[in-house]
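Asker: Pasting the sequence and the predicted coordinates here, then a few questions.
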Amino acid sequence: MPPNDSAALEARLLADVLATANRIAIFTGAGISTESGIPDFRGPSGLWNTAKPVTFQDFNSSEEARIESWERNVRLHDMLARSTPNRGHRTVAALVASGRADCVITQNIDGLHQAAGIEDGQVIEIHGTCRKASCLDCGKPYALPDTLARFAATRSAPRCDECGGLIKTATISFGQTMPALPMQQAQAAIAAADLVLVLGSSLRVYPAASLPEQAARQGKRLVILNAEPTPLDGMASLVLHRGIGQLLGDAFDIV
Ligand code: NAD
Ligand code: ZN
C-alpha cells in the first residue's frame, strides 16, 4: 500500500477508536514535544546518549552535578522560550475541550500542554515541571527566571535565602521519590477511563509506565501512538508507529 494510503487508514482506525470511547485517559511522553523542537530521551535523536540525567543523589552530593543540572536548566529554558505547542498538543487540548478526555497525564516537564490551552488543574504532571523551583529543605518557592539569573551571575548552585538548603526545579529526577498526589490523580483518571491513549512515550520509565500497563491488565483498551515499538505494544489493542501531530490531528478531524 502506498505510504499515504496507510497513513489515511491509520487515521481512520484511530478516529474509530476515539469515537467509540466513553472516556479517554491521555498519557503523554517526551515524544509529543519533539515536533516543537524539544529533544526526547530515547528517540533516535534523544538526549540519552549525550546528556545522561543528573540523578537526585548526584544533585544532593555534588556541586559539580548541580552546576551541570542548572546549566541544562538554562539551555532548556532558552529552548522553551523559542518553542510553541504543535498539532499534537493542540489536538490533545481539543480532546479535553470536547469532553472526550477529562485531563492529560504527562511525563513531560515542559508546560506545553498548558501552553496549548489546557487548564493547569487538568494537566497531571507526574514528573513535575521545570517552570517552578523550590528549596529542597524548607519548600520555599522561588521564581525560576530570578533563580536562573542568580545562577548565571554566580555560576554556583542557588541556595535558599531562608535556610541555606539547595534550590531545585520542581522536576522529579531519577532517584527522587515521586510525589504521591499526581500519581493518585493519574490512577483515578485511568480508573475512570475505558480507553488509555499513549502518545510519544518509550514506556520504559517506571513507575510512570505502570499506569498504562495496569490499565491494559484491567481489560481497558490501550492505544499506543509512538514512532518506535514499546515494551507494552503486545498488550495494546491498537499500536501506531507514526508521528503524533499529523496522525492524531487527522484522526480528530475525522471524529
Ligand atoms: P522517551 O524519550 O523515553 O521516549 C519518547 C518516545 O517518543 C520515543 O520512543 C520516540 O520514538 C517517540 N517519539 C519521538 N518523537 C515522536 C513523534 N513526533 N511522534 C511519535 N513518537 C515520537 O520519553 P518518555 O517516555 O517521556 O520518558 C522520558 C523521561 O524524560 C520522562 O520522564 C520525561 O519527563 C523526561 N523528558 C521530558 C521532556 C519534555 O518535557 N519535553 C523531554 C525529554 C525527556
Ligand atoms: Zn529553604
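Answerer: Noted; the coordinates are in hand. Ligands and ions are numbered 1, 2, ... in the order given.
Asker: remind me which residues of this structure are low pLDDT?
Answerer: 1-3, 45-50 (pLDDT under 70).
Asker: How about the residues of it by ligand 1?
Answerer: Selection of the chain residues close to ligand 1 by C-beta under 6 Å from any ligand atom yields 29-31, 33-35, 38, 40-43, 46, 107-110, 127, 200-202, 204-205, 226-228, 243-244. Using the backbone N, CA and C atoms, a C-beta is placed for each residue, glycine as well.
Asker: hmm, 5 Å instead?
Answerer: 29-31, 33-35, 38, 40-43, 107-110, 127, 200-202, 205, 226-228, 243-244 (C-beta under 5 Å from any ligand atom).
Asker: which residues of the stretch 101-250 of the chain fall in strands?
Answerer: 101-106, 123-125, 128-135, 141-142, 167-171, 195-199, 221-225, 238-240 (DSSP state E, counting those that start in this stretch).
Asker: Make JSON lines out of those and add mean neighbour count and distance to residue 153.
Answerer: Below are the strands of the stretch 101-250 of the chain laid out as JSON lines (neighbours: other C-beta atoms under 10 Å; distance: least, C-beta to C-beta, whole Å):
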{"stretch": "strand 101-106", "mean neighbour count": "25", "distance to residue 153": "32"}
{"stretch": "strand 123-125", "mean neighbour count": "25", "distance to residue 153": "29"}
{"stretch": "strand 128-135", "mean neighbour count": "19", "distance to residue 153": "16"}
{"stretch": "strand 141-142", "mean neighbour count": "16", "distance to residue 153": "15"}
{"stretch": "strand 167-171", "mean neighbour count": "22", "distance to residue 153": "14"}
{"stretch": "strand 195-199", "mean neighbour count": "25", "distance to residue 153": "39"}
{"stretch": "strand 221-225", "mean neighbour count": "23", "distance to residue 153": "43"}
{"stretch": "strand 238-240", "mean neighbour count": "18", "distance to residue 153": "47"}
